[in-house]
Each structure stands twice: as C-alpha cells, then as structure tokens.
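Novice: fold the following and give me the result.
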Amino acid sequence: MPNLFANAVTQLETAASHLKLSPKVAAIFKQPQRIIEAAIPVEMDDGRQEIFSAFRVQYSSARGPCKGGIRFHPGVNLDEIKALAFWMTIKCAVADLPFGGGKSGVVVNPKKLSAGELERLSRGYIRAFADVIGPDRDVPAPDVGTNAQIMDWISDEYALMTGRAQPSVITGKSLNRGGSRGRETATGRGGYFVIEQLQVLKKWNRKNTRIIVQGFGNVGIHFARLACRIGYRLIGVADSQVSILAAPNHSLDYASVSNAKAEYGTVDPCRCTSVKGKICRCLDHRHVTPDQLITADCDVLVLAALENQVTKANAGKIKAKVIVELANGPTTPEADAILQKRKVLVLPDVLANAGGVIVSYFEWLQNKNGESWTESDVKQRLKPMMDQAFYKVWELAKKQRVPLRTAAFMLALKTLSEAIVAPNTKKE
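Specialist: Down below sits the predicted model:
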C-alpha cells in the first residue's frame, strides 16, 4: 500500500515547484511542527489493564490553532497521521480558516470495546494530550472510529481537569454539549456545493449525469441525497460490506438504498432469499467487486471511503469524467499523473471535503461567542465559503495550467508561507 506521507510530500513538492517556493520555506512544510506520542492505560471490563498507543501530530500553527480529527482504528500508524495532519493544514488554508492542521490516531478497534471501555479510553486520550490541546492552541474533532459521544466525553474530561467548561476545546460535539447544527451533513453538503459549481461551468444536464458513490457512510450518504434530490442519476454505491451497480439503463433508488443501510446495515436493498455468494438475482442491479465499481462507466465518481483507492494499478481503467474526493487521500500521486493524461478532472480532497472543517470552525466560533446558530444559518454561511474556495482554485488552475490539486496546494502554500515569513500579521 502506498505510503500516505510520501504521497503528501510528493504533492507538496509538485506545488512548490510551480509556485517557486523558497527552499527554506518548503523544507519547513516537509515535516510536522510537533509530534506527541502517548501510551493510554485503560482498565478493561474484566479487570485487565490494556495500553493503547496514540499520536497527536501538530503539523503547523502558522495561521492559528491546529485543527484536526481523532481517529480510532486498528491500522493507525504515524505516517498516516502525519499525512492527514498535513492535508488538514492545506485544507484550512484553502478554505481561508484561521487554523493550522493537526491529527490524532489511537491504535484500537473501537467496535471491540464495550461502552464503558470506550469512554475510559476517550477520557484517557485527553488526559494524555491535555498539555498540548486547548481552544486557542489545538482543537480536535471526530474522525474515523469516533463520534459526537466520544467528543462529549473528551470535552467533559477536559472541563474536569481544568476546572471550567471550555466547549471550544473540541468540535463535533452533540447539540446539547455545544455542537453545531448542520455538522453531520457538512462534508457531504460541501462536496455537493462544489459539484454544483462545476455543473455551472460545464453546463451538463443533471438528469443525464450518472454518479457512483464509493463509501455510503456519513459523508457519502448526504452527498448522494442532495445530488439525487436535484436529478443526478445514482447508478452505483458501496459500503464496507458490498458494492452494487445498477443494471444498464437503470438507476438506483436513493430511498431504497438509504433505507436498506439504516435497517440492515448494508446498501444492498435486495432481500432475495435465493442470493448465493456474490450473485444477486434482482434485475435492476448486481453485486460487483470494489474495483469494478470504481472503474465502472459513469460521469462522476465520488470517493467517500478511505485513502489509496485510485492507484497506478486501476487509474488507467477509470471511466468517470470527474472524480470528487470526499475522503482524504483517495488518489495516489502516480494515479494523478495517469488521470491527468487521460483528462479526468479531479476535485481534490483539500477542496471538495472542506465543508466538514468549515462547519467545525462555525462550532468553534459559536462556542467562543456563546451563540447557537440555526441549521439554516450554517447552510447559508457554508455555501459562499465553499464557492469562494472553488473559484479561487479553479481560476489559479486555469491561469497556471495545472491540475486543481496542484492549484489548491499552491494557493495554500502561498498563504502559509506568508504567515511563516510574517507571523505577526497572520490572519485572526
């Protein structure tokens, strides 16, 4: 599997060469500002003491407090967390947020923990990292394997440790603990805003535009809902268990797929008792492998699952005209080069999935100012910020004749380098 941090550095070097970035400044961005490692002891339900390895990477605070999620996953490693923290740094700069970038990882399978064990691990996390986290220093959020409940436990433990409630120390909390309305749908909605801006430029007919959504979790499901609502044709979906593709000249019914996911835990609406192995007897869709789904004939491929999905091994088989990256790092640099030659337009993760961190910023602002915005307020504030980021990247790409990813990195690195050279003038 390609090394995520090596991929991130390659993207950095490509953008730096076009930008003619100072070698001294470029060198600063090739390594995180700070890496903190911890061993978190947790008493298990059976009385055993188990130790969980954890990392917090603070990649850059040049533009403000570090910002980035907490990942609970058995496959967590330091290179992955460094890459994710770097991409958060770029993403916040592209969205013009007063944040730097950070990320946490805890090596654990949260599905194997009881509720009590998960709470003790979550509270142990903040005890381990409290010295380097704070509302104006480093503001974590949920990521893979974590959720609003875990953020609530972390916020509560931080209040117990510091002697006062400070809800702005963490975002992604539940509504009754200071979370923001609209946060759950933010990343998918932000991606939807970006694809709609592209539609304005390309003038395609939505009803003739076939989309495939790989990853039908919190992000992919909301993107699909919004896209289908205005006429896009959903022809393929996948979750961690199954990938399904509509039969030729058919579309998948969004309601059937989403209801199946909610009721049965999988996107496949088929309840045929005669299904054997990977063969579905339904006439409107069939089961396919994950790679068959990614390389199926469609107009827009939405990558909303995990990293390293499009690689040099399958990039040459991609039939989509547009790829929307709602996951972090789903396309490798080698694949990018192949896609560029084949004129496949990639809406990069540091732009397309920025809706999540923008609404996290909104939550942070609400907590700091003692405010509570309506969901309508959040949606209305999110759209212009996503639109502005899109057009800045689009115009720079057109002017410099570079892919959108390179343009996004160039835009971010210019902003970040200015903050490093003149730290006393960084944006508040």
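Novice: which of the residues in stretch 376-383 are buried?
Specialist: 377, 378, 379, 381, 382, 383 (16 or more other C-beta atoms under 10 Å). No exception for glycine: its C-beta is placed from N, CA and C like everyone else's.
Novice: burial of the nearest residue to the third one once chain neighbours are set aside, as a residue count?
Specialist: Put plainly, it is residue 379. Distances taken as C-beta to C-beta, 6 or more residues apart in numbering put residue 182 closest to residue 379, at 6.0 Å, once the chain neighbours are dropped. If you count neighbours by other C-beta atoms under 10 Å, residue 182 ends up with 22.
Novice: output the longest strand belonging to the chain.
Specialist: strand 49-60 (DSSP state E).
Novice: CA atoms only for the very next helix or strand once past it, dumped as PDB, please.
Specialist: Once the chain leaves strand 49-60, the next helix or strand it forms, by DSSP states H and E, is strand 66-73. Included here for strand 66-73 are C-alpha records, laid out as PDB according to Å, rounded to 0.1, in the frame of the first residue of the first chain:
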ATOM      1  CA  CYS A  66      -4.100  23.300  14.900                       C
ATOM      2  CA  LYS A  67      -7.300  21.700  13.800                       C
ATOM      3  CA  GLY A  68      -7.900  18.000  13.000                       C
ATOM      4  CA  GLY A  69      -9.700  14.800  13.900                       C
ATOM      5  CA  ILE A  70      -9.100  11.900  16.300                       C
ATOM      6  CA  ARG A  71      -9.000   8.600  14.600                       C
ATOM      7  CA  PHE A  72      -9.700   5.300  16.500                       C
ATOM      8  CA  HIS A  73      -8.600   2.500  14.100                       C
END
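Novice: pLDDT (mean, whole number) over the helix or strand following strand 66-73?
Specialist: Using DSSP H and E, the next helix or strand after strand 66-73 towards the C-terminus is helix 78-94. The pLDDT scores in helix 78-94 average 96.
Novice: next secondary structure after helix 78-94?
Specialist: On the C-terminal side of helix 78-94, the closest following helix or strand by DSSP H and E is strand 101-107.
Novice: which residues touch that next one?
Specialist: With contact meaning C-beta atoms under 8 Å, 6 or more residues apart in numbering, strand 101-107 is reached by 40, 52-60, 66-74, 76-78, 80-82, 84-92, 121, 125, 129, 138, 140, 143.
Novice: quick one: it to chain centroid distance?
Specialist: Here the centre of strand 101-107 is set off from its chain's centre by 13 Å, with C-alpha atoms, centre = their mean, to the nearest Å.
Novice: can I get that strand as CSV, trimmed to CA atoms?
Specialist: Provided in CSV are the C-alpha atoms of strand 101-107 (Å, rounded to 0.1, in the frame of the first residue of the first chain):
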residue,chain,number,x,y,z
GLY,A,101,-3.5,21.5,10.8
GLY,A,102,-3.4,18.5,13.2
LYS,A,103,-4.5,14.9,13.6
SER,A,104,-4.7,12.2,16.2
GLY,A,105,-4.6,8.5,16.0
VAL,A,106,-5.2,5.8,18.6
VAL,A,107,-4.4,2.2,17.6
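Novice: what strands line up against that strand, and which way round?
Specialist: Strand 101-107 has these partner strands in its sheet, going by DSSP bridges: strand 49-60 (antiparallel), strand 66-73 (parallel).
Novice: what angle sits between the last one and helix 78-94?
Specialist: Yep, that's strand 66-73 we're talking about. 140 degrees (axes from the mean of the first three to the mean of the last three C-alpha atoms, to 10 degrees).
Novice: distance of residue 63 from residue 181?
Specialist: 26 Å (C-beta to C-beta, to the nearest Å).
Novice: that should have said residue 289, apologies.
Specialist: Distance of residue 289 to residue 181, given as C-beta to C-beta: 39 Å.
Novice: settle it for me: which of these two has more neighbours?
Specialist: Neighbour count, other C-beta under 10 Å: between residue 289 and residue 181, residue 181 has more, with 19 against 11.
Novice: just to check, the more buried one is in contact with residue 380?
Specialist: No. The pair residue 181 / residue 380 is not scored as a contact, 11.9 Å apart, by C-beta atoms under 8 Å.
Novice: can I assume residue 244 sits in a strand?
Specialist: Yes. According to DSSP: H, G, I helix; E, B strand; the rest coil, residue 244 belongs to a strand.
Novice: point out where the chain drops to low pLDDT.
Specialist: 1-2, 271-283, 422-428 (pLDDT under 70).
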